[in-house]
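Chemist: Sequence and predicted structure are below.
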Amino acid sequence: MTDLELLEELKTIDTPTITNVVATYPGEEFCLEIYNPWTENWYTNNSLSCWYPELGPMAGYAVTCTYGLPDPTFKALSLMEVLEAMDALGKPSIFCFQQKFPAEIADKVGLSGGNMTSAMRACGAIGAVSNGPSRDIHEIRPMNFQYLTRGICAGHGQQEVHAVQVPVSISGMDVAPGEIIHLDENGAVKFPANRLEEVVTNAKALLAKEEDRVGRLLKANGLAEVKSIMSGHQYVAEPQK
């Protein structure tokens, strides 16, 4: 399968299953153990909300950016540099933008509204993840463009792009340009692009295994049957000494 076909396959898989394969269950059959699950920042925390859960899972290459207040000592970058990065990178892409604003205004910066989103969509982006708010939720809804943000607000003041295609940290997830971002209503997870085929293969195998287990659990009658079905699962395995 091509990388584009693999990214399409990821759209049929929920984000918690991807985290299970990437790192959540070290030692389990289909877990790739790409990161230490607790000490490395590879998925988002509970501070983000999903705007359009009905769109389902999405996956793409990370295009990164940082925003902050204007700095008279720095020649400002603009959205054009972001769009050029999107156009140059593999498609589809996910816009990962870290907002670096003072605490007193951080909750009032409604970035990436309808104009930005329509421009990014034209350059291959299908979603965005940010540690701050955005706006124009009504205008973006028909665009089939997903957002995971820390809230929504109506306006903003003057702001500027400070860097494009640099490592960013967004609500517990550290992202490097070009990594794969998978997201849905549960949050977002990242993993290296060169592990794409492994992640898809293992995720599909894990889904098949868990669908079989859950199907049997739904038909189980009593604790004895549950124990038999769950035998060997982390939930019932003996703690390691």
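Modeler: Happy to help now that I have it.
Chemist: Check whether residue 60 really touches residue 126, as I assumed.
Modeler: Yes - judged on C-beta atoms under 8 Å, residue 60 makes contact with residue 126 at a distance of 5.6 Å. Every C-beta, even on glycine, is put in place using the N, C-alpha and C of the backbone.
Chemist: Bridged to the residue nearest the centre of the chain, which residues?
Modeler: The centroid of the chain falls nearest to residue 188 when counting by C-alpha atoms, centre = their mean (2.6 Å). With DSSP bridges as the criterion, residue 188 is bridged to residue 183.
Chemist: Can you give me the separation between it and residue 127?
Modeler: 9 Å (C-beta to C-beta, to the nearest Å).
Chemist: distance between the ends of stretch 35-45?
Modeler: End-to-end span of stretch 35-45 (C-alpha to C-alpha, to the nearest Å): 16 Å.
Chemist: List the contacts of stretch 6-24.
Modeler: Outside stretch 6-24, the residues that touch it by C-beta atoms under 8 Å, 6 or more residues apart in numbering are 1, 28, 30-37, 40, 42-43, 56-60, 92, 180, 182-184, 186-189, 191, 196-197, 199-200, 202-204, 206-207, 210.
Chemist: let's see it at 6 Å
Modeler: By C-beta atoms under 6 Å, 6 or more residues apart in numbering, the surrounding residues in contact with stretch 6-24 are 30, 34-35, 37, 43, 57, 59, 182, 184, 186, 189, 191, 196-197, 199-200, 202-203, 206-207.
Chemist: Out of those residues, which end up buried?
Modeler: Buried members of those, scored by 16 or more other C-beta atoms under 10 Å, are 30, 34-35, 37, 43, 57, 59, 182, 184, 186, 189, 191, 196, 199-200, 202-203, 206-207.
Chemist: Could you tell me how far residue 44 is located from residue 171?
Modeler: For residue 44, the distance to residue 171 equals 5 Å [C-beta to C-beta].
Chemist: Between the two, which has more neighbouring residues?
Modeler: Counted by other C-beta atoms under 10 Å, residue 44 and residue 171 do not tie: residue 44 has more neighbours, with 24 against 21.
Chemist: and the more buried one, what is it in contact with?
Modeler: Counting by C-beta under 6 Å, 6+ apart, residue 44 makes contact with 171-173, 187-188.
Chemist: Identify each buried residue in stretch 147-164, please.
Modeler: For stretch 147-164, using 16+ other C-beta under 10 Å, the buried residues are 147-151, 156, 159, 161-164.
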